[in-house]
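**Student:** Pasting a predicted model and its sequence here:
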Amino acid sequence: MATTWVLVADSSRARLFSADHACAPLREIGDYLNPQGRVRTRDLVADRHGRSSGNGPNLDDEVAPRRQLALLFAKHISAELKIGRASGLFRRLYIAAAPAFLGLLRDKLDARTADLVVETVNKDLTQLPSQRIRQHLPERL
């Protein structure tokens, strides 16, 4: 049976697992960090004097930097998946991601990699041990 990859991700971390057969336990093969994904929005958006604006939140100013960082991370993760696919390292892909990040990641996947996605789980499982992540997936991968 072909190797299956499982990606669990949010905007600040992505973990990649491999399962060699349908009922195999997950083996972690990659851990990607985006530390800026956890930075508070007010720390991302500052006026030219290094202080955050005192006029209350400006949605465009606050959402754009956080979204931009998440988009860059999604692009990086999708590129890693594309390399794995092109190298023949997996034939099936499961993705479990935080809801907002899952949409960004889907948009960044190339068509051939997206075709290998068997199922998506709309949950952030990045902090769970591999045995608990496996419980959120079908019994047979």
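**Tutor:** Nice, I can see it.

**Student:** mind listing the helices for the protein?
**Tutor:** 41-44, 59-86, 99-108, 111-114, 130-135 (DSSP state H).

**Student:** Can you say which of those helices is nearest to residue 13?
**Tutor:** Closest to residue 13 of these, according to C-beta to C-beta: helix 59-86, at 9.0 Å. Placement of C-beta: from N, CA and C, glycine included.

**Student:** Pull up the gap between residue 14 and residue 139, please.
**Tutor:** Applying C-beta to C-beta, to the nearest Å, the value for residue 14 to residue 139 is 24 Å.

**Student:** same check, this time on residue 9
**Tutor:** 23 Å.

**Student:** more crowded one of those two?
**Tutor:** Using other C-beta atoms under 10 Å as the criterion, residue 9 and residue 139 rank with residue 9 on top: 25 against 8.

**Student:** State the number of residues packed around residue 25.
**Tutor:** Based on other C-beta under 10 Å, the number of other residues close to residue 25 is 10.

**Student:** what's near enough to touch it?
**Tutor:** By C-beta atoms under 8 Å, 6 or more residues apart in numbering, the contact set of residue 25 is 19, 130-131, 134.

**Student:** Equivalent analysis for residue 104, please.
**Tutor:** Residues near residue 104 by C-beta under 8 Å, 6+ apart: 11, 70-71, 74.

**Student:** cutoff 10 Å now
**Tutor:** 9, 11, 67, 70-75, 77-78, 97-98 (C-beta atoms under 10 Å, 6 or more residues apart in numbering).

**Student:** Kindly report the same for residue 99.
**Tutor:** 10, 122-124.

**Student:** ok, now how distant is it from residue 11?
**Tutor:** On the measure of C-beta to C-beta, residue 99 and residue 11 end up 11 Å apart.

**Student:** Between the two, which contacts overlap?
**Tutor:** The contact lists of residue 99 and residue 11 share residue 124, where a contact means C-beta under 10 Å, 6+ apart.

**Student:** okay but residue 129 is in contact with residue 8, surely?
**Tutor:** No: applying C-beta atoms under 10 Å as the test, residue 129 and residue 8 come out as separate, 11.1 Å apart.
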